[in-house]
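Engineer: no sequence for this one, just the structure:
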Ligand SMILES: [Zn+2]
């Protein structure tokens, strides 16, 4: 598995900046609701099929990560558990659970913003897509909208620490 980095390396099928902007907006919504600010969007043929942000607190559901929510919504819309030709944009490097779900869904391209050394499973930790037990790996593009994504998370946790002291 190789993760391509830098804004110039993204395939020129549409503008990948736009979906990541939508994902960032979703992440900002999450922060306003006291959720960890991570947002995700699924696109097929330039059309937004699903957009969501983390809802683990609101839904009292440890699996309600933004990626899982958009995968469910897009699959419902398509009427299939396989999201063929779909691209997923998420503001933070996916965790192991979400990487697994992205693989099962047969996502074509994965674009993520900030890397997550603590909980990420793409470039860090289990490096899920590189494992022999992973049967479908998307093309992966990291670092898209990285600065905005990381700043959003940093500010969120800083505010929470201040509230707790
Ligand atoms: Zn996750």
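Structural biologist: Okay, I see it. Note that this is a predicted model, so its numbers are computed, not measured.

Engineer: please make it C-alpha for all contacts and neighbour counts, starting now.
Structural biologist: Fine.

Engineer: tell me where the model's unsure across this structure.
Structural biologist: The chain contains residues with pLDDT under 70 at 1, 6-14, 16, 165.

Engineer: how about the residues of it near the ion?
Structural biologist: 95, 98 (C-alpha under 5 Å from the ion).

Engineer: can you pull the contacts of the residue lying closest to residue 122 once chain neighbours are set aside?
Structural biologist: Of all residues not flanking residue 122 in the chain, residue 128 sits nearest, at 5.8 Å (C-alpha to C-alpha, 6 or more residues apart in numbering). Contacts here follow C-alpha atoms under 8 Å, 6 or more residues apart in numbering; on that basis residue 128 touches 96, 99-100, 121-122, 134.

Engineer: quick one: which of these is nearest residue 142?
Structural biologist: Proximity to residue 142 was ranked across those by C-alpha to C-alpha; first place goes to residue 122, at 9.5 Å.

Engineer: verify the stated contact: the closest one with residue 97.
Structural biologist: No. Using C-alpha atoms under 8 Å, residue 122 is not in contact with residue 97; the gap is 10.9 Å.

Engineer: what is in contact with these two at once?
Structural biologist: Counting by C-alpha under 8 Å, 6+ apart, no residue touches both residue 122 and residue 97.

Engineer: of these two, who's got more company?
Structural biologist: Neighbours were counted for residue 122 and for residue 97 using other C-alpha atoms under 10 Å; residue 122 has more, 26 against 15.

Engineer: and the gap between that one and the ion?
Structural biologist: Residue 122 sits 11 Å away from the ion, going by C-alpha to the ion, to the nearest Å.

Engineer: tally of neighbours for residue 56?
Structural biologist: When counting by other C-alpha under 10 Å, one arrives at 15 neighbours for residue 56.

Engineer: in contact with it, which residues are there?
Structural biologist: Going by C-alpha under 8 Å, 6+ apart, residue 56 touches 35, 62-65.

Engineer: give me the neighbour count for the nearest residue to residue 25 once chain neighbours are set aside.
Structural biologist: Spatial nearest neighbour of residue 25, excluding adjacent residues (C-alpha to C-alpha, 6+ apart): residue 39 at 7.3 Å. Around residue 39 there are 31 other residues, counting by other C-alpha under 10 Å.
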